[in-house]
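1. predicted structure and sequence below. I'll ask about it afterward.
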Amino acid sequence: MRKPVTMRTLARELGLSLSAVSKALNDYPDIGAETKELVHSKARELGYTPNLLARNLAKQTSNFVGVVIRDVASVYGEMFKSLGEVARRYGLNLILYDTNHDPAIEKWCVKNLIDSMAMGIVITPASEDVSVITEMVGDRAPMVFLGGKVTDPAFNYVCSDSDKGTEMALRYLIGQGHERIAMVCDHKRSNSRSGKLAVYRRVMSELGQPERIYVGNESDGSLMASGHAQGMRLLQSGDGVTAVFAVKDMIAIGVIQALREAGKRVPEQVSVVGYDGIDASALPMIGLTTVSQPRMAMAERIIDILRRHAETPSLPPEHYLAEPELVVRSSSAPAIKTF
């Protein structure tokens, strides 16, 4: 069996010290370019493969980022693809965990990442109370909260500007002649949902219209099921709503399903607008008008924050509100009829 090629092998072959070979392989600035090229050339020739575990132990860190998502069947599951694309540019690997909204699973995931010396952690937390997580992580690794559940200035966070996005969606519907606009939410609470509700209430007050807010129950099940249930409630109200703004795309898709089952035409009788910009929203049979989150811009900022904070842990917390975009499709149209 062929003996593995190690840094000692390279040092012996090149007549260099083990320290010089290690520094050349790790691109230390005090090693000349000629020596680095010599070492890398010999490493390729002999088929040298770095011992990543030993390197991690030596550096007390690693080249992987843990991504802890409370529900991969959401826009954040799709965000993982953008994070992976950006991470690969910098030679970073991602490890994905799905906590299913369970704080106990979340705690286990974070502990596992700390024990594995993750370079950084990206997390969409199960709860707004993240004290257990932040105490566990401490200064062991930089962490970025993704999404609107945690926007505490004491922590790094990246999220879409949901207030601006909500205003964008509502002003669009009003510009289409809609005034009797309902808002549909799931039962999960977050700072972003609270912000969306506040914007909706303000805009409806400006219009002189009553609030028509439908909030799901925990028993509704998935986001789509919750949207379907609220769509049925909306139909039963007989309130003459001509447009619906849903706080998430999957909820909006559930609302559309309920409307169509009841024989209502979308968008001729009821326009529906969602929020997130998930891939499924663009499918021809859905054609959902939505406020799209700029996933690539958010991913780039997340990886940038993690890399810089891993290099300089003393940096102050950073916050990034990404600019959303309204994407108009076939689920919305000018107001014509009520039901």
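-> Looks like it came in fine.

2. which ones are touching Val266?
-> Shown in contact with Val266 (C-beta atoms under 8 Å, 6 or more residues apart in numbering): Ile256, Leu259, Arg260, Val272, Ser331. The way it works is simple: take the backbone N, C-alpha and C, and place the C-beta from them, glycine included.

3. relative to Ala43, which of those is nearest.
-> Ala43 lies nearest to Ser331 out of these, by C-beta to C-beta, at 55.8 Å.

4. now render the contacts of Val266 as a markdown table, adding neighbour count, secondary structure and pLDDT.
-> Formatted as a markdown table, the contacts of Val266 follow (neighbours: other C-beta atoms under 10 Å; DSSP: H, G, I helix; E, B strand; the rest coil; pLDDT from 0 to 100):
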| residue | neighbour count | secondary structure | pLDDT |
| --- | --- | --- | --- |
| Ile256 | 27 | helix | 97 |
| Leu259 | 24 | helix | 97 |
| Arg260 | 13 | helix | 96 |
| Val272 | 28 | strand | 98 |
| Ser331 | 24 | coil | 98 |
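
5. Val39 and Glu13, how far apart?
-> Separation of Val39 from Glu13 (C-beta to C-beta, to the nearest Å) stands at 10 Å.

6. more crowded one of those two?
-> Between Val39 and Glu13, Val39 has the larger neighbour count (other C-beta atoms under 10 Å), namely 24 against 15.

7. can you pull the domain assignment for the chain?
-> For the chain, automatic domain parsing gives the domain ranges 7-50, 62-159+295-322, 162-293.

8. which among these is found nearest to Ile336?
-> Short answer: domain 162-293, nearest of the domains of the chain by C-beta to C-beta, at 6.5 Å.

9. hey, where'd the strands end up in the protein?
-> Along the chain, the segments classed as strands by DSSP state E run 64-69, 93-98, 120-123, 143-146, 156-160, 181-185, 213-215, 243-246, 271-276, 289-292, 319-322, 325-327.

10. make TSV out of those strands and add distance to Ser222.
-> Formatted as TSV, the strands of the chain follow (distance: least, C-beta to C-beta, whole Å):
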stretch	distance to Ser222
strand 64-69	15
strand 93-98	14
strand 120-123	22
strand 143-146	21
strand 156-160	22
strand 181-185	14
strand 213-215	16
strand 243-246	14
strand 271-276	15
strand 289-292	18
strand 319-322	26
strand 325-327	23
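
11. how many residues are close by the closest residue to Glu85 other than its chain neighbours?
-> Distance criterion C-beta to C-beta, 6 or more residues apart in numbering; nearest residue to Glu85, sequence neighbours excluded, is Ala299 at 7.1 Å. Using other C-beta under 10 Å, Ala299 has 23 other residues around it.

12. which stretches of the chain have low pLDDT?
-> 1-3, 50-61, 337-339 (pLDDT under 70).

13. go ahead and flag the most central residue of it.
-> Tyr76 (3.7 Å; C-alpha atoms, centre = their mean).

14. separation between that residue and Pro125?
-> 11 Å.

15. with Thr6 instead?
-> According to C-beta to C-beta, Thr6 and Pro125 sit 42 Å apart.

16. what about these two, which has more around it?
-> More neighbours surround Pro125 than the other of Thr6 and Pro125, with 24 against 17 (other C-beta under 10 Å).

17. what ranges do the helices span in the stretch 51-200 of the chain?
-> Taking DSSP state H, counting those that start in this stretch as the test, the helices found in the stretch 51-200 of the chain are 52-59, 75-89, 103-115, 131-137, 162-175, 191-207.

18. turn those helices into TSV, columns for distance to Ser17.
-> Below are those laid out as TSV (distance: least, C-beta to C-beta, whole Å):
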stretch	distance to Ser17
helix 52-59	16
helix 75-89	33
helix 103-115	33
helix 131-137	37
helix 162-175	56
helix 191-207	55
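
19. among those helices, which is the most enclosed?
-> By mean neighbour count, with neighbours taken as mean count of other C-beta atoms under 10 Å, helix 162-175 ranks first of the helices of the stretch 51-200 of the chain at a mean of 20.

20. put the alpha carbons of that one into CSV.
-> C-alpha atoms of helix 162-175 as CSV (Å, rounded to 0.1, in the frame of the first residue of the first chain):
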residue,chain,number,x,y,z
SER,A,162,-40.0,43.9,4.8
ASP,A,163,-41.5,47.3,5.7
LYS,A,164,-40.5,48.7,2.4
GLY,A,165,-41.6,45.5,0.6
THR,A,166,-45.0,45.5,2.2
GLU,A,167,-45.5,49.1,1.3
MET,A,168,-44.5,48.4,-2.3
ALA,A,169,-47.0,45.5,-2.6
LEU,A,170,-49.9,47.5,-1.1
ARG,A,171,-49.2,50.7,-3.1
TYR,A,172,-49.1,48.5,-6.2
LEU,A,173,-52.6,47.0,-5.4
ILE,A,174,-54.0,50.4,-4.6
GLY,A,175,-52.6,51.7,-8.0
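
21. now it, how far from the centre of its chain.
-> Chain-centre distance of helix 162-175: 21 Å, with C-alpha atoms, centre = their mean, to the nearest Å.
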